[in-house]
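Visitor: Okay, predicted coordinates and the sequence, questions at the end:
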Amino acid sequence: MDYGTAGTALATGILFGFVLEQAGFGSPCKLTAQFRLTDWSVFKVMFSAIIVAAVGILLLQVNNTFGAQGFYVSEMYLWGTVLGAVLIGAGFAIGGYCPGTSVVGLGSGRIDGLIFMLGMVVGVWAFAGVYDTSFIQTVVNTAYVSAKTVPELFGVSPWLVIVAMVLMLIAGFAVGRALERRTQGVYTAEDITEGHAPDQPDDLSRDLGREATAENRSD
């Protein structure tokens with residue numbers, strides 16, 4: 001056993017869990033609010049992380065850090081990918097967790113995080129039981145796409161894809177900020193711990209105005 005690699009993986013996992021918890025992702029409120037387009041914290045954090053990771057991988061490739069073999073990219077089967085995306089997206093929306101944040105939720109003492117993890121185990125076990133059926137094999141092994149990466153698919157430089165992703169991130173921040181202002185807003189740590197939705201800025205200002213008016217009348 002390579003204890004250096006194992007230790008690095010453990011430390012990275014702990015750090016990743018800490019960052020997720022600090023971002024509020026240990027609560028299902030964050031993920032479900034993203035699906036309702038009222039709190040864009042998940043998009044902002046995860047898409048930023050994806051871009052950082054993509055840049056890091058490209059730099060490592062430039063320096064040939066991975067060697068001649070590079071790193072493994074799985075083959076692309078369109079319908080299997082689409083079906084998997086629909087199922088995992090439905091799981092995110094219903095349960096309020098992804099596999100990583102459910103562990104963070106459990107570490108925070110949330111019972112629903114444990115239930116979600118148990119559901120994943122049962123789901124994997126059930127899928128394994130039907131994996132060899134003709135229907136599943138047809139779905140996961142048809143519509144093969146030879147290109148394994150986006151640059152290969154479109155025949156462009158990987159750095160051009162990075163630039164496009166940065167522009168998408170900027171646009172996402174702008175759209176997210178606009179929608180957050182029009183809706184209930186971003187969940188804070190206080191909102192999550194106290195179990196209530198964030199106040200809308202307009203409603204909060206209106207309530208403060210009403211309180212001030214009531215105090216003036218009482219005086």
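Guide: Cool, the structure landed. Residues are numbered from 1 along each chain as shown.
Visitor: Need the single longest helix in the chain, by residues.
Guide: helix 158-182 (DSSP state H).
Visitor: helices or strands up against that one?
Guide: Helices and strands touching helix 158-182, by 3 or more Cβ pairs under 8 Å, 6 or more residues apart in numbering; DSSP states H and E, are helix 41-62, helix 150-154. In this view, the C-beta of every residue, glycine as well, is placed from N, C-alpha and C.
Visitor: Show residues contacting the last one.
Guide: What it means is helix 150-154. 145, 147, 157, 158, 160, 161 (Cβ atoms under 8 Å, 6 or more residues apart in numbering).
Visitor: Kindly reformat the residues you listed as a markdown table containing distance to residue 15 and pLDDT.
Guide: Below are the contacts of helix 150-154 laid out as a markdown table (distance: Cβ to Cβ, whole Å; pLDDT from 0 to 100):
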| residue | distance to residue 15 | pLDDT |
| --- | --- | --- |
| 145 | 34 | 88 |
| 147 | 33 | 86 |
| 157 | 31 | 92 |
| 158 | 27 | 90 |
| 160 | 31 | 95 |
| 161 | 27 | 94 |
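Visitor: Now a ChimeraX select for only the buried ones of those.
Guide: Command for ChimeraX, covering only those of these found buried under the criterion 16 or more other Cβ atoms under 10 Å:
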select :158,161
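Visitor: now the helices for this structure?
Guide: 3-22, 28-35, 41-62, 78-95, 99-107, 111-130, 134-140, 150-154, 158-182, 189-194, 201-218.
Visitor: Residue 102 - nearest residue in space that isn't next to it in sequence?
Guide: residue 116 (4.2 Å; Cβ to Cβ, 6 or more residues apart in numbering).
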